[in-house]
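Q: structure, please.
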Amino acid sequence: MRTSRDEAVTRTRGTSLPHEARNAWILTATILGSSMAFIDSTVVNVALPAIQNNFHATVVDVQWVVESYGLLLGALILVGGSLGDLFGRRRIFLVGVAIFAAASVACGIATNIHQLIIARSIQGVGAALLVPGSLAIISTSFDEKSRGQAIGTWSGFTAITTAIGPVLGGWLVEHASWRWAFLINVPLAVAVLVISLWRIPESRSDTAGRLDWLGALLATLGLGGLVNGFIESVNLGWRHPLVFGSLIVGCGGLVAFVFVEAHVASPMAPLTLFKSKSFSGANLLTLFLYAAIGIFFFLFPLNLIQVQGYSSTATGAAVLPLILLMFFLSRWSGGLVARYGPRGPLIIGPLIAALGFVLFAVPSVGDTYWKAFFPAIVVLGFGMAVTVAPLTTVVMNSVDQDRVGTGSGINNAVARVAGVLAIAVFGMVMVNAFGSRLDHTLAHVSLPPDILREIHADKIKLAGMQVPAGLDPGTKAAIKAAIGEAFVSGFRIVILICAGLSVASAAVAWRIIPEDSDRFVRRGTVSTS
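A: So this is what the prediction gives:
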């Protein structure tokens, strides 16, 4: 297909097929490609306890397994979309798939935690190229009449694969190895490469601007500095030169990023978009709410597996109700926007999510899933289902039509960066809360000084720490119970912070997002207020 803004540059055998057959192959390739990145984001959280146990890693190491991926994905996802516009969407999409597959192999064969972290970083680069490329290929391959249905099909199937991912990953971790959670990407990648080369025509934008490499570098440097400073402060302390220097570099990088984006000819994040109160409010709401979601999905699997004694498969299945609620209620939530406008749901949805987080703070060690966790999962899932469609609507309707892709990309990047920063900051809170409660509990247990020192040195592993050997069964049981109680205590503190962030999201919708945006959405026009 050729439009005034896009030029087909390569003919493939796929263009000689009937439109229905060609479109089916395009959807298959883009769904499989983007699903690799989406599945990986959820599967890794379920595999973290096994990875920590295999490599005898600290919680800082485990944080970096997640953060290295999210950091580069969040910082480079806007550049990935621009690269596709400039050099060809299919080409950049395939490069992303190839990088992601190669990095997945490196993750699967890693012999130590540091190799795994490096491979996860490379995975993040690949995901930053393939995720925006999948939607861009759909947008340029389907005409206006079928584009909405195609994007809906893509969204539906990626939601299904995201839901299946934790269960499949948990089963692989439990019955095979955590390594297969990464290696399963390889056959998917091969299928995507073959179909794309065979059936997807190349396209690029005839109005693509220059790449904002300086902006991308500063964003990565700024976010990386902050994340490194917060995470390493747990090990090294705030006064350590590496920690203090990283925070200074991070803050300086982000300040420089804002300055560059205000003056560069083709910014990756045009600051003029934030003149819209609706757009600014939607992204601030996203920052708060997805920070809560990010740290929740990091700690919840650790709680279920290491403290509650769930299997990896059961842990993957435990979050299914949340994902399925968001999937099945998305159309209903869109109807709320059409009827009432987005502002009301954006106030009510985060408040419901806050209630869900509060319910997660109730269970203690040994409570049953259906009594303790299932109600909280359902309430949180319902709150997110009410929120997501109105949030997307506000973002899309608060920018001009020719900036919709950029606006959506910025909001996507904000959501991912929120999770990255939350894991760094609130992971530090979790470690400190865990250590404080553990020290308090063990003060009432008679332990030799060398055992206390060993436990103190291992506190950074959280519930993944091993009970020292050579103790009688009663003392071992007391230490194990103290570890579980300390983790739950720290989890409660962090999860109540998540509830506060959700309430802050509702407050942002109430105070910043204009009521006029409701009227604009119902009339089907674009809000620039």
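Q: how about residue 359: what's its closest non-neighbour residue?
A: residue 376 (3.6 Å; C-beta to C-beta, 6 or more residues apart in numbering). To be clear about C-beta, it is placed using only N, CA and C from the backbone, and glycine gets the same treatment.
Q: check which helix or strand that neighbour maps to.
A: helix 374-397 (DSSP states H and E).
Q: the helix or strand following that helix versus helix 374-397: what angle between them?
A: Next helix or strand after helix 374-397 toward the C-terminus (DSSP H and E): helix 404-442. Interaxial angle, helix 404-442 versus helix 374-397 (axes from the mean of the first three to the mean of the last three C-alpha atoms, to 10 degrees): 150 degrees.
Q: per-residue confidence for the residue nearest to residue 359?
A: With respect to pLDDT, residue 376 has a value of 95.
Q: quick revisit: may I see the buried residues of the helix holding residue 376?
A: 376-377, 379-397 (16 or more other C-beta atoms under 10 Å).
Q: before we move on, the earlier item: ok, the residue nearest to residue 359 - contacts?
A: 356, 357, 359, 360, 362, 363 (C-beta atoms under 8 Å, 6 or more residues apart in numbering).
Q: could you rerun that using 10 Å?
A: Contacts for residue 376 (C-beta atoms under 10 Å, 6 or more residues apart in numbering) come out as 300, 321-322, 355-363, 495.
Q: now do stretch 432-449: everything it contacts.
A: The contact list for stretch 432-449 (C-beta under 10 Å, 6+ apart) reads 59, 233-234, 426, 451-456, 459-463, 465, 468, 470-471, 474-475, 478-479, 481-483, 485-494.
Q: and these, which are buried?
A: The buried subset of the contacts of stretch 432-449 (16+ other C-beta under 10 Å) comprises 59, 233-234, 426, 451, 454-455, 459-463, 465, 468, 475, 478-479, 482-483, 485-494.
Q: out of those, which are inside strands?
A: Per DSSP state E, strands hold no members of the buried ones among the contacts of stretch 432-449.
Q: list the contacts for residue 466?
A: Residue 466 makes contact with 53, 56, 454, 455, 458, 479, 480, 483 under the criterion C-beta under 10 Å, 6+ apart.
Q: quick check, central residue of the protein?
A: residue 416 (4.9 Å; C-alpha atoms, centre = their mean).
Q: excluding chain neighbours, give the residue nearest to that one in space.
A: Of all residues beyond its chain neighbours, the one nearest residue 416 is residue 74 (3.6 Å), with distances taken as C-beta to C-beta, 6+ apart.
Q: could you check the angle the helix or strand encompassing that neighbour makes with helix 404-442?
A: Secondary structure from DSSP H and E places residue 74 in helix 59-87. In terms of direction (the same axes, to 10 degrees), helix 59-87 departs from helix 404-442 by 180 degrees.
Q: ok, and for helix 59-87, which residues are buried?
A: Applying 16+ other C-beta under 10 Å to helix 59-87 flags 59-85, 87 as buried.
Q: all the strands of the stretch 1-150 of the chain, residue numbers only.
A: 6-10 (DSSP state E, counting those that start in this stretch).
Q: can you show me the strands along the stretch 201-350 of the chain?
A: Using DSSP E, counting those that start in this stretch, the strands found in the stretch 201-350 of the chain span residues 202-205.
Q: which residues of it score low on pLDDT?
A: 204-209 (pLDDT under 70).
Q: same thing but at 80, please
A: Regions of the stretch 201-350 of the chain meeting the criterion pLDDT under 80 cover residues 201-212, 265, 327, 330-331, 333-338, 340.
Q: what ranges do the helices span in the stretch 251-400 of the chain?
A: Using DSSP state H, counting those that start in this stretch, the helices of the stretch 251-400 of the chain run over 277-302, 312-318, 320-328, 330-340, 343-360, 374-397.
Q: so how many other residues sit close to residue 176?
A: 12 (other C-beta atoms under 10 Å).
Q: let me know the pLDDT of it.
A: pLDDT, residue 176: 87.
Q: looks like it contacts residue 182 (just checking).
A: No - applying C-beta atoms under 10 Å as the test, residue 176 and residue 182 come out as separate, 11.7 Å apart.
Q: returning to that earlier point: looking at the contacts of residue 466, which are in helices?
A: Among these, the members found in helices (DSSP state H) are 53, 454, 455, 479, 480, 483.
Q: test my guess that the fifth one contacts residue 455.
A: Read it as residue 480. No - using C-beta under 10 Å, residue 480 is not in contact with residue 455; the gap is 11.3 Å.
Q: and for the two, which residues touch both?
A: Shared contacts of residue 480 and residue 455, defined by C-beta under 10 Å, 6+ apart, comprise 465, 466, 467.
Q: how about those in a markdown table, adding distance to residue 93 and pLDDT?
A: Converted to a markdown table, the shared contacts of residue 480 and residue 455 look like this (distance: C-beta to C-beta, whole Å; pLDDT from 0 to 100):
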| residue | distance to residue 93 | pLDDT |
| --- | --- | --- |
| 465 | 43 | 84 |
| 466 | 44 | 83 |
| 467 | 49 | 82 |
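Q: in TSV: these, plus distance to residue 242.
A: Below are the shared contacts of residue 480 and residue 455 laid out as TSV (distance: C-beta to C-beta, whole Å):
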residue	distance to residue 242
465	24
466	28
467	32
